[in-house]
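A.B. asks: need a structure here:
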Amino acid sequence: MARKPLDYWEKRQTELMKRQEKGTENTIKGLIRSYEQATKNINKEISRIYKNYSKSDILDKKVLNQLLNKKETDTYRRNLLTTINNNIKNEDIKQKMLLKYNSSAYSFRISRYEQLQESIDLELKKLADVEQQITEIRYIDTIKEGYYHNIYDVQKNTGIGFNFSQIDNKTINLLLNEKWTDNANFSQRIWKNSEKLGNYLRTQLTADTMSGKTIQKIASELSSFMNVGLYNATTLVRTEVNHFANEAEMLSYEELDIEKYRFIATLDNVTCKHCAELDNKVFKLKDRQPRQELSTNTSERQMYNSCSV
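C.D. replies: Below you'll find the model as predicted:
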């Protein structure tokens, strides 16, 4: 059986990436909707406080520092715990939040400003939880598609039949939980980004309210920070999809007892230096390590590992 030319394998991989990109775009649409809803909810809570406790579009610092009465505090805490139990699916995060808000330190009355900050924090936790759920579905689909498509494609285009095993949930979970970069798995990166976003929002909210900015200005600035958070989230999902696609491909090669693979880079003016240097080089599969750095540039993400059978 004659070997397929390298441009064949490049075309094959490009077609696979187009299918993956379509699925990724659908996931990103879900992220956009989630971020838009979270932004709407945060601005709604800010508007509620302004509407109820201010006679103008500028909130008096004294109002923000006012303590909720006991009835308001008890109602707020009860609703907070209910929301956590009903909306946070990540069990580790849920238990940490319940432990925090059930502690004696949170049994005292709080100010309206503290209530607002906690409401924003809860909204971001809900957002990160949804982000984890919808991206995990995409990553699982990417792993399965990459694994089975590559096995099918190698068999079809070599004319050689192979016996192969299905990719099981244990293997998929091992890939999902792998800390392949920044000493964190995909879920931990989502929550880390959420924490950073929360810190930015709290800092900005403090500065805006203390400087007497209008509700319109505060809403605009917080929305800008949420847009940055959305950009980071979409960048992350593209990077993770690329990683899981590569790992699934390597798993399929291992399953087919392929010993070597050839790295083929799309060489153009946006190809990263690292990938350009690796172009057309052959590596032993057993020596391969997961890539520690993956580009977030759309064109650069067209770098991939491809097998020369």
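A.B. asks: buried set for stretch 21-39?
C.D. replies: 21, 24, 27-28, 30-31, 34-35, 38-39 (16 or more other C-beta atoms under 10 Å). Heads up, the C-betas are built off the backbone N, CA and C, glycines and all.
A.B. asks: Run through who's touching it.
C.D. replies: 123-124, 126-127, 130-131, 134-135, 137-138, 141-142, 145, 222-223, 226-227, 229-230, 233-234, 237-238, 241 (C-beta atoms under 8 Å, 6 or more residues apart in numbering).
A.B. asks: The stretch 101-250 of the chain: helices as residue ranges?
C.D. replies: 112-158, 169-176, 186-210, 215-255 (DSSP state H, counting those that start in this stretch).
A.B. asks: for those helices, which one sits closest to Lys273?
C.D. replies: helix 215-255 (17.7 Å; C-beta to C-beta).
A.B. asks: sorry, back to before: so among the contacts of stretch 21-39, which ones count as buried?
C.D. replies: Going by neighbour count (16+ other C-beta under 10 Å), the contacts of stretch 21-39 have 123-124, 126-127, 130-131, 134-135, 138, 141-142, 145, 222, 226, 229-230, 233-234, 237-238, 241 buried.
A.B. asks: Low-confidence bits of the chain, can you list those?
C.D. replies: 1-6, 8-9, 159, 265-272, 289-309 (pLDDT under 70).
A.B. asks: if we go to 80?
C.D. replies: 1-18, 54-61, 104-108, 154-163, 262-276, 279, 288-309 (pLDDT under 80).
A.B. asks: In JSON lines: the helices of the stretch 101-250 of the chain, plus distance to Asp60.
C.D. replies: Formatted as JSON lines, those follow (distance: least, C-beta to C-beta, whole Å):
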{"stretch": "helix 112-158", "distance to Asp60": "11"}
{"stretch": "helix 169-176", "distance to Asp60": "49"}
{"stretch": "helix 186-210", "distance to Asp60": "10"}
{"stretch": "helix 215-255", "distance to Asp60": "13"}
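A.B. asks: Tyr228: neighbouring residues, count only.
C.D. replies: That one is not Tyr; residue 228 is Val. 12 (other C-beta atoms under 10 Å).
A.B. asks: and if you look at Arg19?
C.D. replies: There are 13 residues near Arg19, going by other C-beta under 10 Å.
A.B. asks: And Leu175, by the same measure?
C.D. replies: Neighbours around Leu175, by other C-beta under 10 Å: 21.
A.B. asks: got the contact list for it?
C.D. replies: Per C-beta under 8 Å, 6+ apart, neighbours of Leu175: 143, 244, 247-248.
A.B. asks: That one and Thr39, how far apart?
C.D. replies: Distance of Leu175 to Thr39, given as C-beta to C-beta, to the nearest Å: 32 Å.
A.B. asks: Relative to Asn102, how far out is Lys89?
C.D. replies: In this view, Lys89 and Asn102 are 19 Å apart by C-beta to C-beta.
A.B. asks: same deal with Asp153?
C.D. replies: Taken as C-beta to C-beta, the span from Asp153 to Asn102 is 53 Å.
A.B. asks: just to revisit the earlier point, who wins for proximity to Tyr261 among the helices of the stretch 101-250 of the chain?
C.D. replies: Among these, helix 215-255 sits nearest to Tyr261 (C-beta to C-beta), with 6.2 Å.
A.B. asks: Now do the following helix or strand past that closest one against helix 215-255, angle only.
C.D. replies: Next along the chain after helix 215-255, taking DSSP states H and E as the criterion, comes strand 260-264. For strand 260-264 and helix 215-255, the angle between their directions (axes from the mean of the first three to the mean of the last three C-alpha atoms, to 10 degrees) works out to 140 degrees.
A.B. asks: So which elements touch strand 260-264?
C.D. replies: helix 6-53, strand 281-284, strand 304-306 (3 or more C-beta pairs under 8 Å, 6 or more residues apart in numbering; DSSP states H and E).
A.B. asks: Mind putting these into TSV with distance to Asn163?
C.D. replies: Putting the helices and strands packed on strand 260-264 into TSV (distance: least, C-beta to C-beta, whole Å) gives the following:
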stretch	distance to Asn163
helix 6-53	22
strand 281-284	23
strand 304-306	23
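A.B. asks: Among those, which comes closest to Asn183?
C.D. replies: strand 304-306 (23.2 Å).
A.B. asks: what about the closest residue in space to Ser187 that isn't next to it in sequence, how many neighbours?
C.D. replies: In space, and not counting its chain neighbours, Ser187 is closest to Gln132: 5.4 Å by C-beta to C-beta, 6 or more residues apart in numbering. Gln132 has 20 neighbours, counted by other C-beta under 10 Å.
A.B. asks: start at 402 instead
C.D. replies: Fine by me, first position is 402 from now on; the one you just mentioned is Gln533.
A.B. asks: So Gln533 sits against Asn491, correct?
C.D. replies: Yes - counting by C-beta atoms under 8 Å, Gln533 does reach Asn491; the two are 6.2 Å apart.
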